[in-house]
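Colleague: Sequence first, predicted model second:
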Amino acid sequence: MQKKLFVLVLLLVSAGAFGQSKFIAKNAYISFYSSTPMEDILGESNEAVTILNAETGEIGFQALMTTFHFKRALMEEHFNENYMESTKFPKAKFNGKITGFNKEMLKAPVANVIITGLLNVHGVEKNITVNAMLGLESGKLVGTSKFKVTPEDYGIAIPSLVRDKIGKEMEITVKATYLPFGN
Amino acid sequence: MKIKYIIFAGLLLMLIGAGIGLKMFFKPHADISKLKAEFKVEASALIVEFEQDENAATAKYSEKILEISGNLVSKNKLPNGTDLLVLHDEMQGISCQLDSIWAANNQTTIEALETGKTVIVKGICKGYLMEIKVSPAVIVK
């Protein structure tokens, strides 16, 4: 009985001492954008999940491909069925680390950081390095990034008929407002 | 004389084709409030199913219309104005983003919702990312 109590107290104390060692955003924004002569293609998801480890600067991102919404239902259909094959590859993932991370970065106003890690899209994994902004914005920890990816790098085949009409690279925008997450 | 008919028939076919093409191109998004749910489930039972075998549950429910009843634990608005309801558990429950058109016409229903009470939502199940994602969704009761 006493031993149990001791463990419990120890757990509580250690939880307090280390504080919020993780930050989470369950409704992070991810979009990808491509301009075509016909019309602009914009897919947006507000359902990405991201966790930031406040001790190590490691950052993880996951998004369900089917949560991307488009202006037109047909675009959504093509995106999931023809390009991303969402049934086969339901999630896009990123696992990386903030270069030169120190804990003060999470308490300072928004500033430029560099994040390097593995991006997994359509079942293909690639090492990427992106510029991002991270820091406090009206009292909340906010992370944003904008970078470009080439669909072909991830084995996404775009029919030659439309290939010339879509920009070679797609612009990805990420925005997350993090909340402290216990344990 | 005959050639005239052939040209006419050809033009007619082209028009029909173009019509179908345009209709497909401008096809609107599905109106969830008018569609029938394929599964009626309890929030807690659905979570257990996803936790036990994510792949099987994803195959079963992903992109299907679900009617889910569960305890409303939070009600929020995302930065883009989307109404977000969370059922059963704040961290590992069911996250429902309401259909923006439906929500715009039903703000009083949304405002009347109280946390801690049971709510029934209908929406498209997207899969599992720490929590079950349902969007777009509408409130049934």
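Modeller: It's in.
Colleague: Kindly check the end-to-end length of stretch B:55-70 for me.
Modeller: 23 Å (C-alpha to C-alpha, to the nearest Å).
Colleague: Name the residues that touch that stretch?
Modeller: Contacts of stretch B:55-70 with the rest of the structure, by C-beta atoms under 8 Å, 6 or more residues apart in numbering or on different chains, involve A:66, A:87, A:90, B:32, B:35-44, B:46, B:49-50, B:87-88, B:93-94, B:96, B:118-128, B:134, B:140. Glycine gets a C-beta too; all of them are placed from N, C-alpha and C.
Colleague: What's the ChimeraX syntax to select whichever of the residues you listed are buried?
Modeller: Buried members of the contacts of stretch B:55-70, defined by 16 or more other C-beta atoms under 10 Å in any protein chain shown, are picked up in ChimeraX with:
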select /A:66,90 /B:32,37,41,43,44,46,49,50,87,88,93,94,96,119,121,122,123,124,125,126,127,128,134
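Colleague: care to break chain B down by domain?
Modeller: According to automatic domain parsing, chain B comprises the domains B:1-29, B:32-139.
Colleague: Quick check: which of those domains has the most neighbours on average?
Modeller: domain B:32-139 (a mean of 17; mean count of other C-beta atoms under 10 Å in any protein chain shown).
Colleague: quick one on the thing from earlier: in strands, which of the contacts of stretch B:55-70 fall?
Modeller: Among the contacts of stretch B:55-70, DSSP state E puts B:39-42, B:87, B:94, B:96, B:118-128, B:134 in strands.
Colleague: Contacting chain A as well, which ones from those residues?
Modeller: Counting by C-beta under 8 Å from any C-beta of the partner chain, B:126-127 from these sit close to chain A.
Colleague: Give me the below-cutoff pLDDT ranges for chain B.
Modeller: B:1 (pLDDT under 70).
Colleague: mind checking the longest helix of it?
Modeller: helix B:2-25 (DSSP state H).
Colleague: Now it - C-alpha only, CSV.
Modeller: In CSV, the C-alpha atoms belonging to helix B:2-25 read as follows (Å, rounded to 0.1, in the frame of the first residue of the first chain):
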residue,chain,number,x,y,z
LYS,B,2,-28.6,12.2,-95.5
ILE,B,3,-25.4,14.0,-94.7
LYS,B,4,-27.4,16.8,-93.0
TYR,B,5,-28.8,14.2,-90.6
ILE,B,6,-25.4,12.8,-89.9
ILE,B,7,-24.0,16.2,-89.1
PHE,B,8,-27.1,17.0,-87.0
ALA,B,9,-26.7,13.7,-85.1
GLY,B,10,-23.0,14.3,-84.6
LEU,B,11,-23.6,17.8,-83.2
LEU,B,12,-26.3,16.5,-80.9
LEU,B,13,-23.9,13.8,-79.6
MET,B,14,-21.2,16.4,-79.0
LEU,B,15,-23.7,18.6,-77.1
ILE,B,16,-24.8,15.7,-74.9
GLY,B,17,-21.2,14.8,-74.3
ALA,B,18,-20.2,18.3,-73.4
GLY,B,19,-23.3,18.5,-71.1
ILE,B,20,-22.3,15.3,-69.3
GLY,B,21,-18.7,16.5,-69.0
LEU,B,22,-19.8,19.9,-67.6
LYS,B,23,-22.2,18.3,-65.2
MET,B,24,-19.5,16.0,-63.9
PHE,B,25,-17.0,18.9,-63.6
